[in-house]
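1. Build me a model:
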Amino acid sequence: MTIYMKAEGLFGLPLAVRQRATRAPDEDEELVFEDDTLTWGAVARASGVGESSKQTRTTTSRVRSKGSTSISNTIHLIDEEDTSSEETEEDAEEYKSNGEDDEDVDLLVVDVEDDF
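-> From the prediction side, this is the model:
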């Protein structure tokens with residue numbers, strides 16, 4: 001497929017390039033619905049299929065570089081071993097205190113370490 005897209009080898013011949021650039025006239029005049037006059041060519045023109053994209057890679061990179069510099073991308077590291085056990089205990093206590101029944105319920109707290 002990359003050979004085809006880059007027009008290398010046999011696909012770079014003028015006939016192959018011309019075939020990729022043109023559509024068959026039969027496809028444009030084919031009716032979308034048999035009982036209507038709407039053709040696929042009209043649908044393609046209305047939706048702008050043949051038009052080039054307005055947002056290209058170079059324009060989006062320029063827009064990003066001109067953006068506001070007041071927003072900074074910061075990364076915060078969190079030690080999961082310290083916070084996960086504390087949060088699990090707090091969640092378990094909060095769950096106990098929010099229960100509607102006054103029964104004592106023992107919650108099983110499992111600390112699982114991920115080895116990713």
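2. Where does pLDDT dip in the protein?
-> Across the chain, the ranges flagged by pLDDT under 70 are 1-26, 53-73, 78-107, 109, 111-116.
3. Give me the contacts around the host helix or strand of A46.
-> In this structure, A46 sits in helix 40-47 according to DSSP states H and E. The contact list for helix 40-47 (CB atoms under 8 Å, 6 or more residues apart in numbering) reads 27-32, 50. Glycine gets a C-beta too; all of them are placed from N, C-alpha and C.
4. repeat that for 6 Å
-> By CB atoms under 6 Å, 6 or more residues apart in numbering, the residues outside helix 40-47 that reach it are 28, 30.
5. Neighbours of A44, how many?
-> By other CB atoms under 10 Å, the residues close to A44 number 15.
6. Distance check, it against H76.
-> 49 Å (CB to CB, to the nearest Å).
7. what's the answer for D36, then?
-> For D36, the distance to H76 - CB to CB - is 58 Å.
8. Those two: which is more packed in?
-> Using other CB under 10 Å, the more surrounded residue of D36 and H76 is D36, with 8 against 4.
9. what about that one, helix or strand, and which?
-> Per DSSP H and E, there is no helix or strand for D36.
10. With T74 as the reference, measure out to the nearest residue to E27 once chain neighbours are set aside.
-> In this structure, E27 finds its nearest non-sequential neighbour in W40, 6.1 Å apart by CB to CB, 6 or more residues apart in numbering. Shown here: W40 relative to T74, a distance of 51 Å by CB to CB.
11. Between the two, point out the one with more neighbours.
-> Taking other CB under 10 Å, W40 and T74 do not tie; W40 has more neighbours (16 against 5).
12. From S47, how far out is the more buried one?
-> Applying CB to CB to W40 and S47 gives a distance of 10 Å.
13. Enumerate the positions of the helix holding A46 that are buried.
-> 40-41 (16 or more other CB atoms under 10 Å).
14. Restrict that helix to CA atoms and write it as PDB.
-> Extracted in PDB, the C-alpha atoms of helix 40-47 (Å, rounded to 0.1, in the frame of the first residue of the first chain):
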ATOM      1  CA  TRP A  40     -23.400  10.300  -5.700                       C
ATOM      2  CA  GLY A  41     -21.600  13.100  -7.600                       C
ATOM      3  CA  ALA A  42     -23.900  15.700  -6.100                       C
ATOM      4  CA  VAL A  43     -23.400  14.200  -2.600                       C
ATOM      5  CA  ALA A  44     -19.600  14.300  -3.100                       C
ATOM      6  CA  ARG A  45     -19.700  18.000  -4.300                       C
ATOM      7  CA  ALA A  46     -22.000  19.000  -1.400                       C
ATOM      8  CA  SER A  47     -19.900  17.300   1.200                       C
END
